[in-house]
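Enquirer: I would like the atomic coordinates for the input below:
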Amino acid sequence: MLEKRKIKRIPIIEKFGELIEMKSGNKTLPGVILDLSSEGVSLLTLTGLPVGAEVSLTINLPDLKTAPMMGKVVWSEKKGELFRTGILISHIDSLDAKRINRMAIDYTDCENKIALGATDVCGSKCSYFTLCDKPQKIR
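Expert: Reported below is the predicted structural model:
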C-alpha cells in the first residue's frame, strides 16, 4: 500500500485506554488516540465528526503532554459502535512537534532493529520508552 503521509506516526499502544478531550464548536468530545504524528492524529470517538469540522485537542500522557493543538477532520468512518477519525493538525507548538517527531524517529529505528533480529533494542534513553510495550524493551 502506498504511504501518503509525509511524517512518520507513532502508535499509542500501552496508553490506549487514555482518553483525551477534543473540542469542536461548543461540544467537548472524548477520544482515544490510535496513532500520532506532528501533522495528524487518528483516534476513536463515540460520536462521528463531519469532515471539515475544526477541532482543538490536548494530549496529556506520561512524557507526552502538549499545548492545545488545532486541526480539521479529514476523514471519519464508523467502526461498530465507534467512529475512527483522522485529523490533520494545522497548529501545533513547535516544541511539541519536535518531541513527537523525535519519538517517531526512535520508534521507527527500533522497529528496523527488531526486523533485523535485535532482541534488546529499547532503552530508557529512547524518547518513546514510556509508551513502548515491545518485548524487546530493556526494563
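Enquirer: show me where this protein has strands.
Expert: Applying DSSP state E to the chain gives strands spanning 10-11, 19-24, 27-36, 40-45, 54-58, 60-61, 64-65, 69-79, 82-91.
Enquirer: by mean pLDDT, show me the worst of those.
Expert: Mean pLDDT is lowest for strand 10-11 out of those, coming in at a mean of 64.
Enquirer: can you lay out the strands of the chain as JSON lines showing distance to R102?
Expert: Where C-beta positions appear, they are placed from N, C-alpha and C, glycine not excepted. JSON lines is the format used below for the strands of the chain (distance: least, C-beta to C-beta, whole Å):
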{"stretch": "strand 10-11", "distance to R102": "10"}
{"stretch": "strand 19-24", "distance to R102": "20"}
{"stretch": "strand 27-36", "distance to R102": "13"}
{"stretch": "strand 40-45", "distance to R102": "17"}
{"stretch": "strand 54-58", "distance to R102": "19"}
{"stretch": "strand 60-61", "distance to R102": "15"}
{"stretch": "strand 64-65", "distance to R102": "11"}
{"stretch": "strand 69-79", "distance to R102": "17"}
{"stretch": "strand 82-91", "distance to R102": "16"}
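Enquirer: nearest to D133, of these?
Expert: Distance to D133, taken as C-beta to C-beta, is lowest for strand 10-11 among the strands of the chain, at 9.5 Å.
Enquirer: contacting residues for the closest residue to V51 other than its chain neighbours?
Expert: In space, V51 comes closest to V73 once its chain neighbours are excluded; the distance is 5.4 Å by C-beta to C-beta, 6 or more residues apart in numbering. Residues near V73 by C-beta atoms under 8 Å, 6 or more residues apart in numbering: S24, L49, P50, V51, G52, A53, V55, T85, G86, I87.
Enquirer: could you rerun that using 10 Å?
Expert: 22, 24, 45, 48-55, 85-88 (C-beta atoms under 10 Å, 6 or more residues apart in numbering).
Enquirer: what do you get for D63?
Expert: D63 touches K15, R99, M103, S127, Y128, F129, T130, L131, counting by C-beta under 10 Å, 6+ apart.
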